[in-house]
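K.L.:
Build me a model from this:
(chains A, B and C)
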Amino acid sequence: MSNLSLFISIPAGLAFFIPMVSRRIKWFPDIACSVTTFILFLLSLQTLNQQFIYEMGGWPTPMGIVFVLDGFSCMMLIIVNLIGFIVSLFSVDYIEKIYTSKLRYYSLLLLVITGINGVILAGDFFNMFVFLELALIASYALVGFGCGAKDLEASFKYMVINLLASYFILLAIALLYGKFATVNMAHTIALMQQYGKDNIVIFAFVLFLVGFGTKAAIVPFHAWVPDAYTSAPAPISALLAGGIIKGLGIYVLMRLTYNIFGMSPLISNLFICFGIISIVVGVLMALGQWNFKRLLAYHSISQMGYIMLGFGLGTPLGILGAVFHLLNHSLFKSLLFLNSGSVEYETGILNLKKLGCLSQKMPVTAASSLIASFSISGIPPFNGFWSKLIIIVAAVQAGRPFSALWAVIGSILTLASFAKIQRYVFFGSGEKFDENSTKNIKEIPSLMKMSVLILAILCTLGGFLAIGGVNGVFGPVVNSLSGGTGQYIEEVLGK
Amino acid sequence: MVYTLCFVLFVIGLYGVTCKKNIVKIILGFLIMEYSINLFLILLGWRKNGVVPVVEPDTIMQCFAIKSVDPFPQAMVLISIVTGLGILILMVALAIRLYQRYGTFDITEMNRLKK
Amino acid sequence: MKKNKQSGMSVIVQNTTRMVEGLIFLFGIYLTVYGHLTPSGGFSGGIVFACVFILMTLAFGKNSVLKFLGKTTAYIFNCSAALLFLIIAACGCLFNGAFFSNFLEKMFPSANFRIFSAGLIPVYNIIIAVNIAAGLFMVFIILAVRRVVEINGKRRLISTELFDKTERKR
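P.N.:
Numbers count the residues shown, from 1 in each chain, chains lettered A, B, ... in the order given. Take a look at the predicted model:
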């Protein structure tokens, strides 16, 4: 297919169509949302191994708005649309039981998916900013969806920090426009190579780093992560972990660093430094938490550190490891958040000290949670092991053995805290529960089970699938990023 | 230079966001930051002795392209203002709901998440 | 002189509003329709329309406006205008162009500086004006229109829509 605008027009159209129809037909939003996100996922699979641009309105490239599809965009589209599909399958029963207003939830969810697709595909800075704001505003509303006091407080904190970052990004775009008189990314690269980099461009890059680093949950800017993930509904936490911090944070940051500003040893050292600090801080702060979702949120920060480490190394093997870890992290972290949602759906409790012995009553949840815990800790046949191995080998090959050491330490501590979860939630002795409260707990409904099982199967087989198809699946990704600035200009302006 | 004053306005807004305890003052700080960035964008398009970028039936296009003020920042700022309006609406709605739940606008008293 | 609290502001304000509101509405239509020839277009026209409705609510009390433009009607206008925008933009694909292409200009080319030139741009302006007018007025109703209810035996003034539409069930 060559029509990239379908990725933004289909979810946006449905987001406005759902409230009008669903007042009469009660079952419409669930089915429409699930079917639409599945269609988007199939469309994104169809764009594999292609590379083209799509001009809006027929206006030619440096003047008009373009959508660019290359290897990295294609992989991010697949990840985000898959997570969107799984989240909307899970939400069908979850929102029914726990929250009251289904229409608004589905409209906002579809607007988030529109925004992330737009950011991934955008070929000029200002268009990317507009879609970024669209996705973020919908997510501010979704995080505080159950309007209790704590949810609203978390949503306000999330909103203030991310809005500050967005204004830094807008300031950087204004500075780049003032210097180069264009907002098209490829044209900016060409002019930057012609005129050289001076202080304004470096300042704009630092502003971009701060802005997108906040959205990507890297350590100096991670303050919003625990509160937002804890108070959001569980499918939204999964979407945040699997879609927003990847599509809006790491993807744009890497596109800016590799393709637009150019990688240099200074930036490489900076990214490795941020990565290692994120790994260590995330895992250490997670060890002392007793709320299930808060612990998972700190682990999200730590895994983002692995991805920054992989990208910061700069070698093709490092990029391969980082992109593979992006894919795996969205699979197992979303699975973990959906499991916490299942536990909350059945028992209503998220405090680890009050749960116990759930593995007999909820076998599917316990098994998938075990698979996800093994994946995130890096235990051999599951997919987390392969991606962490590639990152560690790349770090050693690039001549940075201390980074590899910290990565291994982080992995061991991750194993420790997930052993804690498994013991307290699923395999404990269960003396804290009495018979009256436990007899109503049964397994989760079938649609939620289906979404959890899909992710668990992908976690298990993910390693083998990717090893078999490394060149086919990840080859274009690595090429598009490591080709540097010249590759991007040739893609966009050369056609 | 005029651009320095735009940055001073931006820093004033930043001070309002980070150092004030009342939610309404934080929202006003964000508004000031947004105005300063929009002002900066529009001032980037200014040209000395420039004319309004509106074409009339008797303009010569080459002279017009050299003399007129840049219209592209004006289009960008229009979209940016509308985006800022959406953000402002969401912030104010959150502030009203927070007041209903906590009874105060002071953010230092809203720390139930830590307990 | 006893002032009836339920029905808005004083007589002077009401008479002035009756004289002026039609002119403001006309100004909004002018801003929207001439948006491709003079500065401002759909956004500004929409905001002026919303201001007319807000002025009427303030001067005459909320019941006078909510009779013909309640929350549901405004919501339907908002969603359908947004959908219409997307459908017309997608129609650009059918006429051998890309997503947002100006197919009316290609089919019926016309001279510059007239009101029916520039193809689809006036159509987009009108749709956006309706969208923003409905949206802003809906925001105004939700945030600012209050009514008196009985809570726990005491009469309280609360905002109508913000109270408990979206809640957890526990």
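
K.L.:
Show me the shaky parts of the stretch 1-150 of chain A.
P.N.:
A:1-2 (pLDDT under 70).

K.L.:
So which residues on it come close to chain B?
P.N.:
Counting by CB under 8 Å from any CB of the partner chain, the stretch 1-150 of chain A comes close to chain B at A:126, A:130, A:133, A:137, A:140-141, A:144, A:147-150. Bear in mind the C-beta positions are built from the backbone N, C-alpha and C, glycine included.

K.L.:
just the buried members of those residues?
P.N.:
A:126, A:130, A:133, A:137, A:140-141, A:144, A:147-150 (16 or more other CB atoms under 10 Å in any protein chain shown).

K.L.:
out of those, who's near chain C?
P.N.:
Answer for those near chain C (CB under 8 Å from any CB): A:147-148.

K.L.:
Reformat the buried ones among the residues of the stretch 1-150 of chain A next to chain B as TSV; add secondary structure.
P.N.:
Output for these, formatted as TSV (DSSP: H, G, I helix; E, B strand; the rest coil):
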residue	secondary structure
A:F126	helix
A:V130	helix
A:E133	helix
A:I137	helix
A:Y140	helix
A:A141	helix
A:G144	coil
A:C147	coil
A:G148	coil
A:A149	helix
A:K150	helix
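
K.L.:
Okay, the residue most central in space within chain C and chain B: tell me how far apart.
P.N.:
What sits nearest the mean C-alpha location of chain C, by CA atoms, centre = their mean, is C:A133, with 1.5 Å. Note on C:A133: its distance to chain B, by CB to the nearest CB, to the nearest Å, is 13 Å.

K.L.:
leaving aside the residues next to it on the chain, what's closest to that residue?
P.N.:
Excluding its sequence neighbours, the residue lying closest to C:A133 (CB to CB, 6 or more residues apart in numbering or on different chains) is C:F49, at 3.7 Å.

K.L.:
what's next to the host helix or strand of that neighbour, contact-wise?
P.N.:
If you go by DSSP states H and E, C:F49 is part of helix C:42-60. The contact list for helix C:42-60 (CB atoms under 8 Å, 6 or more residues apart in numbering or on different chains) reads B:78, B:81-82, C:7-9, C:13-14, C:17, C:21, C:24-25, C:27-29, C:31-32, C:35, C:64-65, C:69, C:124-133, C:135-137, C:140, C:145.

K.L.:
at 7 Å what do you get?
P.N.:
By CB atoms under 7 Å, 6 or more residues apart in numbering or on different chains, the residues outside helix C:42-60 that reach it are B:78, B:82, C:7-9, C:13-14, C:17, C:21, C:24-25, C:27-28, C:31-32, C:35, C:64-65, C:69, C:124-125, C:128-129, C:131-133, C:136-137, C:140.

K.L.:
Now list the buried members of these.
P.N.:
Among the contacts of helix C:42-60, the ones that count as buried (16+ other CB under 10 Å) are B:78, B:82, C:8, C:17, C:21, C:28, C:31-32, C:35, C:65, C:69, C:124-125, C:128-129, C:131-133, C:136-137, C:140.

K.L.:
Pipe the residues of the stretch 1-150 of chain A next to chain B into JSON lines and attach distance to C:T57 per row.
P.N.:
Listed next are the residues of the stretch 1-150 of chain A next to chain B as JSON lines, based on distance: CB to CB, whole Å:
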{"residue": "A:F126", "distance to C:T57": "36"}
{"residue": "A:V130", "distance to C:T57": "31"}
{"residue": "A:E133", "distance to C:T57": "29"}
{"residue": "A:I137", "distance to C:T57": "26"}
{"residue": "A:Y140", "distance to C:T57": "28"}
{"residue": "A:A141", "distance to C:T57": "25"}
{"residue": "A:G144", "distance to C:T57": "28"}
{"residue": "A:C147", "distance to C:T57": "26"}
{"residue": "A:G148", "distance to C:T57": "31"}
{"residue": "A:A149", "distance to C:T57": "31"}
{"residue": "A:K150", "distance to C:T57": "34"}
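
K.L.:
For residue 10, grab the count of nearby residues.
P.N.:
Picking chain A for this. 21 (other CB atoms under 10 Å in any protein chain shown).

K.L.:
wrong chain, I was asking about chain B
P.N.:
Residues near B:F10, counting by other CB under 10 Å: 21.
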